[in-house]
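Asks: quick one, structure for this:
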Amino acid sequence: MLMDALRNYFLKNDESAERLVALHRRPEIQGVSLRLWLRKDSRKESLKSYIKLFRKFLD
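Replies: Have a look, this model is predicted:
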């Protein structure tokens, strides 16, 4: 569900895809992303942390 929401928001055009890439240049987002996707850490707290960071940098 989270990935669908991110895909729908960020991959609708080239500009929004570039914005996603730019967000992942931030160490905070990289760390959360690595924990969430590479380590398969899909605990509720991890997902909330990921969403919270996105909200912080999208505003």
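Asks: in the protein, which spans are helices?
Replies: Secondary structure of the chain (DSSP state H): helices at 2-10, 14-23, 27-33, 44-58.
Asks: touching the last one from outside, list them.
Replies: Residues outside helix 44-58 that contact it (Cβ atoms under 8 Å, 6 or more residues apart in numbering): 2, 6, 23, 26, 28-29, 32-33, 35-36. Backbone N, C-alpha and C define where each C-beta goes, glycine included.
Asks: try 6 Å
Replies: Residues outside helix 44-58 that contact it (Cβ atoms under 6 Å, 6 or more residues apart in numbering): 23, 28-29, 32, 36.
Asks: filter those down to the buried ones.
Replies: Among the contacts of helix 44-58, the ones that count as buried by 16 or more other Cβ atoms under 10 Å are 23, 29, 32, 36.
Asks: closest one to Phe10 out of these, please.
Replies: Leu23 (8.5 Å; Cβ to Cβ).
Asks: the closest one touches Gln30, doesn't it?
Replies: No. Leu23 is beyond contact range of Gln30, at 9.5 Å (criterion: Cβ atoms under 6 Å).
Asks: low-confidence stretches in the protein?
Replies: 2-3, 39-44, 46, 57-59 (pLDDT under 70).
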